[in-house]
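In: build me a model:
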Amino acid sequence: QVQLVESGGGLVQAGGSLRLSCAASGRTFSSYLMGWFRQAPGKEREFVAAIRWSGGSTYYADSVKGRFTISRDNAKNTVWLQMNSLKPEDTAIYYCAANKGGSYRLEHMDYWGQGTQVTVSS
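Out: Numbering: from 1, shown residues only. As a prediction, the model looks like this:
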């Protein structure tokens, strides 16, 4: 069982930065693939970024590639999402998720956090 708690969301101007954190409980955190997803009002939840248990492999949606960076520290049971050059279209609720398998597809994630709001003003 893994419990996930996100933090770090807020209101920022376009071009600014935010760093989201996801604190995980559970002794097997290091064996999980971790991902970030987001859901904007009226839209489907979508993939943002993912990182494998070793931290050696990362994956990004095309819309955030080059602007967002996902990282993790297994000793601290924490995953971060550094978001730079934010745009109004990045406004959404951001969710942390975990998958014991190797997939970062939304439907394959086993555990979800409650989400944190990110609002980017123009």
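In: ok, Ile70 touching Leu81?
Out: Yes: under the contact definition of CB atoms under 8 Å, Ile70 touches Leu81, with a separation of 5.5 Å. (Each C-beta comes from the backbone N, C-alpha and C, glycine too.)
In: what about the strands in the chain?
Out: Counting by DSSP state E, the segments of the chain that form strands are 3-7, 10-13, 18-25, 33-39, 46-51, 58-60, 68-73, 78-83, 92-99, 111-112, 116-121.
In: ok, now which ones touch the closest residue to Met34 other than its chain neighbours?
Out: Using CB to CB, 6 or more residues apart in numbering and skipping residues adjacent in sequence, the residue nearest Met34 is Val79, 4.5 Å away. With contacts defined as CB atoms under 8 Å, 6 or more residues apart in numbering, Val79 is in contact with Ser21, Cys22, Ala24, Met34, Trp36, Ile51, Ile70, Ser71, Arg72, Cys96.
In: could you dump these to JSON lines with distance to Gly113, pLDDT and neighbour count?
Out: Rendered in JSON lines, the data for those read as follows (distance: CB to CB, whole Å; pLDDT from 0 to 100; neighbours: other CB atoms under 10 Å):
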{"residue": "Ser21", "distance to Gly113": "10", "pLDDT": "98", "neighbour count": "16"}
{"residue": "Cys22", "distance to Gly113": "6", "pLDDT": "97", "neighbour count": "26"}
{"residue": "Ala24", "distance to Gly113": "9", "pLDDT": "93", "neighbour count": "23"}
{"residue": "Met34", "distance to Gly113": "10", "pLDDT": "94", "neighbour count": "31"}
{"residue": "Trp36", "distance to Gly113": "10", "pLDDT": "98", "neighbour count": "27"}
{"residue": "Ile51", "distance to Gly113": "15", "pLDDT": "96", "neighbour count": "24"}
{"residue": "Ile70", "distance to Gly113": "14", "pLDDT": "97", "neighbour count": "22"}
{"residue": "Ser71", "distance to Gly113": "17", "pLDDT": "95", "neighbour count": "15"}
{"residue": "Arg72", "distance to Gly113": "14", "pLDDT": "93", "neighbour count": "23"}
{"residue": "Cys96", "distance to Gly113": "4", "pLDDT": "97", "neighbour count": "28"}
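In: right, I'll leave it there.
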